[in-house]
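Enquirer: Sharing a model that was predicted from the sequence below.
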Amino acid sequence: MTKDQYSKNILYLLLFCSVVIMGFLMKVTASFMLPVVISVLLSCVFYPIVKRLNEKLKFPWVLGSIVMVLIVVVIIMVLSTIIGTSLTTFLSQYPKYESKFLYLYKMCADTFEFQFYDDKSFFENIWGQLKVREFVQKTAISFSGDVLAFTKNVGMILLFIVFLLIEMRYSHEKVDAIFQGKNSRRVMTVTRKIITETVHFLSIKFFISLATGALVFICCLIAGVDFAVLWAFLAFVMNFIPTFGSIFSVLIATLFTLIQFYPNSLRIIFIFVLITAVNMILGNIVEPRIEGKNLGISPFVILVSLTFWGWMWGFIGMIIAVPLMMIVKIICENVSFLHPIAIILGNKPADTQKELSEVEEEA
């Protein structure tokens, strides 16, 4: 083994140890790191807009940053109102679903030999089964804590975005001060590529998800499914999680349709087939065509990434898993000794090698 090979192996070992330590710290400090990471990703999305407003319309940079955050606040308020109204409507209309829930539970009770009391309601029947009481109590406590944590994190994220956007106007000067000459240009090139790819992916994903939610809403209206807005919003949010999100939203919407219309199977099949078709057409045909090319990331790596970030940061981690993997791949493509990792993360070796060659030519 030559001296260079030995040094490279030591470097890879140190890199592996650093990644493990960093992963441990990110897991332990999730309550702090998650808002920061989300703030950075959203700032990358808003930065080109603020920059264009400043350069084209001479809009003050600080004011533009504040306006972008105010728009986010308005969107959050609108979504919260829609969800709250839908949940309130569901609770008010629950009595008409009581008999359906009770009938389906009786079928499960007969199949799995649970206790069933004809003179009790659905909730009274399940209250003592499968430790439901303990589960509900734990869920209620956890939910109240999650609501408070979510509210606090949203406030932190919005504050981080404002100050980060304001700081980003000096990013070029800071990079020049830290690096010199060619290194400075290389860092700025990588940064611009990360911002461009992140904006490209998230913007397309947003509009595809919005179209998915709108079509699911129309399908539910046609079939007469109650709370169409709620299922549309669920389809919109879950579409940000590749494959598994769409499967989950289809199953939940179909399950509710089953509860509402059972034993009428026609509408149940209609909803299942139509919503599945919407997700498959938009996700597998329309989205790749709009992107112009795939993400260049191995499907297996995406699956592992979803699992890892889901374990690391929960549901939000699964939503931001793909953008984070894109950023990691871009960094690996622009650092010579990390090229093997870029090839592993890539989909086709030939395509990844072509991307690496283009990066070297730009450098």
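Expert: That came through fine. Computed from a predicted structure; not experimentally measured.

Enquirer: Once you drop chain neighbours, what's closest to the most centrally placed residue in the chain?
Expert: Geometric centre of the chain, nearest residue: I319, 1.6 Å, by Cα atoms, centre = their mean. Leaving aside its sequence neighbours, I319 sits nearest to F240 (Cβ to Cβ, 6 or more residues apart in numbering; 4.7 Å). For every residue, glycine as well, the C-beta is placed using N, CA and C.

Enquirer: in the stretch 1-150 of the chain, which segments are predicted with low confidence?
Expert: Applying pLDDT under 70 to the stretch 1-150 of the chain flags residues 1-6, 8, 94-99, 105, 109-150.

Enquirer: Only the buried residues of the one helix or strand K51 maps to, if you could.
Expert: Counting by DSSP states H and E, the element that carries K51 is helix 30-56. Neighbour-count burial for helix 30-56 flags 30, 34-35, 37-39, 41-47, 49-51, 53-54 (criterion: 16 or more other Cβ atoms under 10 Å).

Enquirer: ditto for stretch 273-289
Expert: Quick answer for stretch 273-289 (16+ other Cβ under 10 Å): 274-276, 278-279, 282-283, 287.

Enquirer: pLDDT weak spots in the stretch 151-300 of the chain?
Expert: 180-183, 291-295.

Enquirer: quick revisit: what's the spacing between the residue nearest to the centre of the chain and V162?
Expert: Separation of I319 from V162 (Cβ to Cβ, to the nearest Å) stands at 22 Å.

Enquirer: Contact partners for the residue nearest to F160 when sequence neighbours are not counted?
Expert: Leaving aside its sequence neighbours, F160 sits nearest to S39 (Cβ to Cβ, 6+ apart; 3.6 Å). With contact set as Cβ atoms under 8 Å, 6 or more residues apart in numbering, S39 has these partners: 156-157, 160-161, 164.

Enquirer: Distance of S39 relative to T88?
Expert: 31 Å.

Enquirer: At which residues are the helices of the stretch 251-363 of the chain located?
Expert: Listed in chain order, the helices of the stretch 251-363 of the chain (DSSP state H, counting those that start in this stretch) span 265-281, 287-291, 299-319, 321-334, 339-345, 349-362.

Enquirer: Could you export those helices as CSV, including distance to C108?
Expert: Shown next, in CSV, are these (distance: least, Cβ to Cβ, whole Å):
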stretch, distance to C108
helix 265-281, 18
helix 287-291, 38
helix 299-319, 27
helix 321-334, 34
helix 339-345, 44
helix 349-362, 49
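
Enquirer: picking up where we left off before, can you tell me which of the contacts of S39 is nearest Y103?
Expert: I157 (44.2 Å; Cβ to Cβ).

Enquirer: relative to helix 299-319, how tilted is the helix holding K51?
Expert: Regarding helix 30-56 and helix 299-319, their directions subtend 90 degrees when assessed with axes from the mean of the first three to the mean of the last three Cα atoms, to 10 degrees.

Enquirer: now helix 30-56 against helix 321-334, angle please.
Expert: Using the same axes, to 10 degrees: helix 30-56 against helix 321-334 is 70 degrees.

Enquirer: out of the helices of the stretch 251-363 of the chain, nearest to W61?
Expert: Here helix 321-334 is closest among the helices of the stretch 251-363 of the chain (Cβ to Cβ), at 24.3 Å.

Enquirer: Identify each buried residue in that closest one, please.
Expert: Result for helix 321-334 [16+ other Cβ under 10 Å]: buried residues 321-330, 332-334.

Enquirer: can you check stretch 168-187 too?
Expert: 168-169, 175, 186-187.

Enquirer: likewise stretch 193-209?
Expert: Across stretch 193-209, burial judged by 16+ other Cβ under 10 Å covers 193-195, 197-199, 201-202, 204-205, 208-209.

Enquirer: One more: stretch 76-87?
Expert: S86.

Enquirer: Tally up the residues packed near G213, please.
Expert: 22 (other Cβ atoms under 10 Å).

Enquirer: And for the one 4 residues further on?
Expert: In terms of burial, F217 registers 19 neighbours under the definition other Cβ under 10 Å.

Enquirer: ok now do it, which residues does it touch?
Expert: Counted by Cβ under 8 Å, 6+ apart, F217 has contacts 228-229, 231-232.

Enquirer: angle of the helix or strand where it lies against helix 321-334?
Expert: Using DSSP H and E, F217 sits within helix 182-223. Interaxial angle, helix 182-223 versus helix 321-334 (the same axes, to 10 degrees): 160 degrees.

Enquirer: Following element in sequence after helix 182-223, please.
Expert: Next element after helix 182-223 (DSSP H and E): helix 228-238.

Enquirer: Please enumerate residues in contact with stretch 62-69?
Expert: By Cβ under 8 Å, 6+ apart, stretch 62-69 touches 46, 49-50, 53-54, 158, 161-162, 165-166.

Enquirer: from these, which is closest to F236?
Expert: Closest to F236, out of all of those and judged by Cβ to Cβ, is F46, at 20.0 Å.
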